[in-house]
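Participant: model the structure of this input:
(chains A and B)
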Amino acid sequence: MIKKLLLKNNSVLWIIAIGSIIVPFLLPNRYFQDIAVMTFLWAGLAVSWNLYSGYCNRLSIGHAAFLGIGAYTSTLLYLNFGISPWIGMLAGGVISAVAALIIGGTTLRLKGTFFVLSTIAFAKILEVMTVTSKDITQGSLGLMVPFQPSFLNMIWHGKIPYAILTWLYMLIVLLISVRLEKSKLGYSLIALGENQQAAENLGVNSTRTMMIAFVMSAVLTSFGGTIFAQYVMFIEPTSVMGMSNSINFILLAIAGGLGTAFGPMIGSFILTPISNLLRGYLAGISGLHGFILGMVLIVILLYRPDGILPQLRVLARRIFAKTDKSSKSKGV
Amino acid sequence: MLLQIESVTKKFGGLSAVSGVSFEVEQGAVIGLIGPNGAGKTTLFNCINGTLPITEGKVIFDGNDITRKKSHEIAKLGIARSYQIVQPFGNMTTLQNAMVGGFCKTTVYKEAEAIALKSLELVHLDHKKDVVAKHLNLGERKKLEIAKALSTQPKLLLLDEVMAGLTPIEVQEMVRIINSINASGVTLIIIEHIMEAIMSLSGRIVVLNFGKKIMEGTPEEVSTNQQVIEAYFGVEDGEQDA
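Facilitator: All right, here's what the predicted structure looks like:
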């Protein structure tokens, strides 16, 4: 019974995902709670990224662009027109969807490296545009969100409300991802990622399938961007849309398990705390935290290229195989 | 007529891989498509199901002109194919592979699953439904190739050398499977090099050589035709290259 629960469905992973909300309440201070918030946020972001790139096996190294659209749209609407970030979040989603349609329409038919390169270009163009349109975005000076706590402003005292918000965001994205895996869209996407020709011959409309998934992924990422802006309360082109953010999406998803709903979440649960703690404790030697994080990643990719999650499944299976054997031999 | 192929030509640059091939397939038939290596058989399949754009000519399926349609549209209309070099979705299970095809005509998960299971049963692969496709052996992969195609619920199935590389016992099983597929109402065009199999399966055989149709007839007619024998074994004076 327990074995079935562990191996067959995702119940254990759901328990981890839902139960993880206890963690920020147990943590002693704001520093650790901040790490929990970032872990939830990046889990949600990585799962969003995975919706297209993970299942379809086409790396987008420009997802920070959608993070940026979400962050800047809501912040600009809030600062200039006093529009609530909740509405700004939806507006950012719409703009991201339109951007994804335009970018997707021109680049999704590109194969392999060319798609990857065009996504980098997209993020870079958007970053440069944000830097240069100083009249609107303040360029590299960045935008500061004034601290006026209220639910409507998506600003609160303390970290706990943010932890709950980012946790909810993560759960919603996870739910969408799990639903996707059991749908026509999900099957079509995975098949496309494995073999486009063969998938098309089975009636998969590749352009349409990829487009829907790409837009979904962009919109959900953009929602995360708004939450990010309201949490950090300061956005600046490079720290939001820069390459390091774009790469973080991929690292978390690959380390956790590409093309699985829960893999990117596990990736964030393990790597985001490590990365933040290292940055905190090794601040004395600049760059050391990046070096150690890099080593951890290399070890994961070298020894567990499928990611951590598939490996955990194999491990669980082995443990149960052993207990099965021992119980059988006892019976004899 | 279920399928009408009207003087279809496919050129790759200056080379005509298929030139001016015409034939018709009636509902419920099993048509054999044979010819030496490089005769253009697979290219013709690729032209019928939209994998390759046709240079000249027309393909009419079930009353629709499908000459310029894309392969996913053609799949929805009811033409499915299998590949000579098997193309499983390696990281999906056997059932999931077939379900990709199952989703061709429905969006409901349970329905797609039921369709996929039925086609796996038809090719005797249902006992392997939870095995990841990359762990199947060649015979099983060939069956999976057919099951995937069948899951799209086709009217016409194009089978490209599904028996190549199989043991004699597996070939016999495959012949039975193909017969039962035909009995379930699916029309078939089969490319095959194993002559006994194709002679026993097909009602009519079309012979291609260097991209042209050189002959069409019953298995008996084809096997005694001088042109066909020459195409396969060469002319007797032995001056041609081997």
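Participant: from now on I want contacts and neighbour counts done on CA atoms only, so please keep to that.
Facilitator: Will do.
Participant: ok, B:Glu56 - contacts?
Facilitator: By CA atoms under 8 Å, 6 or more residues apart in numbering or on different chains, B:Glu56 lies in contact with B:Ser7, B:Val8, B:Thr9, B:Lys10.
Participant: for the residues you listed, give me TSV that also has distance to B:Asn137.
Facilitator: Putting these into TSV (distance: CA to CA, whole Å) gives the following:
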residue	distance to B:Asn137
B:Ser7	39
B:Val8	36
B:Thr9	36
B:Lys10	34
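Participant: intersect those residues with the contacts of chain A.
Facilitator: Applying CA under 8 Å from any CA of the partner chain to the contacts of B:Glu56, one finds that nothing falls near chain A.
Participant: from those, which land in strands?
Facilitator: Judged by DSSP state E, those include B:Ser7, B:Val8, B:Thr9, B:Lys10 as members of strands.
Participant: can you flag the buried ones in those residues?
Facilitator: Among the ones in strands among the contacts of B:Glu56, the ones that count as buried by 16 or more other CA atoms under 10 Å in any protein chain shown are B:Ser7, B:Val8, B:Thr9, B:Lys10.
Participant: so which bits of the lengthiest helix in chain B are buried?
Facilitator: Taking DSSP state H as the criterion, chain B has its longest helix at helix B:168-183. Neighbour-count burial for helix B:168-183 flags B:Val171, B:Met174, B:Val175, B:Ile177, B:Ile178, B:Asn179, B:Ile181, B:Asn182 (criterion: 16+ other CA under 10 Å).
Participant: next: stretch A:242-258.
Facilitator: In terms of neighbour count (16+ other CA under 10 Å), stretch A:242-258 has its buried residues at A:242-243, A:245-246, A:248-258.
Participant: and for stretch B:9-18?
Facilitator: Result for stretch B:9-18 [16+ other CA under 10 Å]: buried residues B:Thr9, B:Lys10, B:Ser16, B:Ala17, B:Val18.
Participant: among those, which one sits closest to A:Asn276?
Facilitator: B:Lys10 (59.7 Å; CA to CA).
Participant: thought the closest one was touching B:Gly40?
Facilitator: No. The pair B:Lys10 and B:Gly40 does not pass the contact test of CA atoms under 8 Å, sitting 9.2 Å apart.
Participant: now the common contact residues for these two.
Facilitator: B:Ala17, B:Val18.
Participant: point out where chain B drops to low pLDDT.
Facilitator: The model of chain B has pLDDT under 70 over residues B:236-242.
Participant: name the next helix or strand following the helix or strand containing A:Leu175 along the chain.
Facilitator: Per DSSP states H and E: A:Leu175 is located in helix A:160-181. Using DSSP H and E, the helix or strand that directly follows helix A:160-181 along the chain is helix A:184-194.
Participant: count of neighbours near the residue lying closest to A:Phe115 once chain neighbours are set aside?
Facilitator: Counting by CA to CA, 6 or more residues apart in numbering or on different chains, A:Phe115 lies nearest to A:Thr107, which is 5.9 Å off, once chain neighbours are set aside. By other CA atoms under 10 Å in any protein chain shown, the residues close to A:Thr107 number 17.
Participant: surely A:Thr107 meets A:Ser118?
Facilitator: Yes. Using CA under 8 Å as the test, A:Thr107 is close enough to A:Ser118 to be in contact (6.8 Å).
Participant: mind listing which of the buried residues of stretch A:242-258 are in helices?
Facilitator: Per DSSP H, the buried residues of stretch A:242-258 map to helices at A:Met243, A:Asn245, A:Ser246, A:Asn248, A:Phe249, A:Ile250, A:Leu251, A:Leu252, A:Ala253, A:Ile254, A:Ala255, A:Gly256.
Participant: contacting residues for the third one?
Facilitator: Applying CA under 8 Å, 6+ apart, one finds that A:Ser246 lies in contact with A:Ile61, A:Gly62, A:His63, A:Ala64, A:Ala65.
Participant: pick the one among those closest to chain B.
Facilitator: A:Ile61 (23.7 Å; CA to the nearest CA).
Participant: so what's the closest one up against?
Facilitator: By CA under 8 Å, 6+ apart, the neighbours of A:Ile61 are A:Val116, A:Leu117, A:Thr119, A:Ile120, A:Met243, A:Ser246, A:Ile247, A:Ile250.
Participant: switch to 7 Å and redo it
Facilitator: Neighbouring residues of A:Ile61 by CA atoms under 7 Å, 6 or more residues apart in numbering or on different chains: A:Val116, A:Thr119, A:Ile120, A:Ser246, A:Ile247.
Participant: any idea where the helices of chain B begin and end?
Facilitator: With DSSP H as the criterion, chain B has helices spanning B:41-48, B:71-77, B:94-102, B:109-122, B:138-151, B:168-183, B:195-201, B:219-224, B:226-233.
Participant: same check, this time on the stretch 51-200 of chain A
Facilitator: Taking DSSP state H, counting those that start in this stretch as the criterion, the stretch 51-200 of chain A contains helices spanning A:55-56, A:64-81, A:85-107, A:113-132, A:134-137, A:160-181, A:184-194, A:196-201.
Participant: as a markdown table, those helices with mean pLDDT and distance to A:Arg313 would be great.
Facilitator: What follows is the helices of the stretch 51-200 of chain A, written out as a markdown table (pLDDT from 0 to 100; distance: least, CA to CA, whole Å):
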| stretch | mean pLDDT | distance to A:Arg313 |
| --- | --- | --- |
| helix A:55-56 | 90 | 18 |
| helix A:64-81 | 94 | 31 |
| helix A:85-107 | 93 | 34 |
| helix A:113-132 | 89 | 30 |
| helix A:134-137 | 83 | 46 |
| helix A:160-181 | 94 | 17 |
| helix A:184-194 | 93 | 20 |
| helix A:196-201 | 91 | 28 |
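Participant: so for stretch A:75-84, what gets flagged as buried?
Facilitator: By 16+ other CA under 10 Å, the buried positions in stretch A:75-84 come out as A:Thr75, A:Leu76, A:Leu77, A:Tyr78, A:Ile83, A:Ser84.
Participant: spatially nearest residue to the closest residue to chain A within chain B, not counting backbone neighbours?
Facilitator: Per CA to the nearest CA, B:His72 is where chain B lies closest to chain A, at 4.0 Å. Among residues not flanking B:His72 along the chain, A:Gly203 sits closest, at 4.0 Å (CA to CA, 6+ apart).
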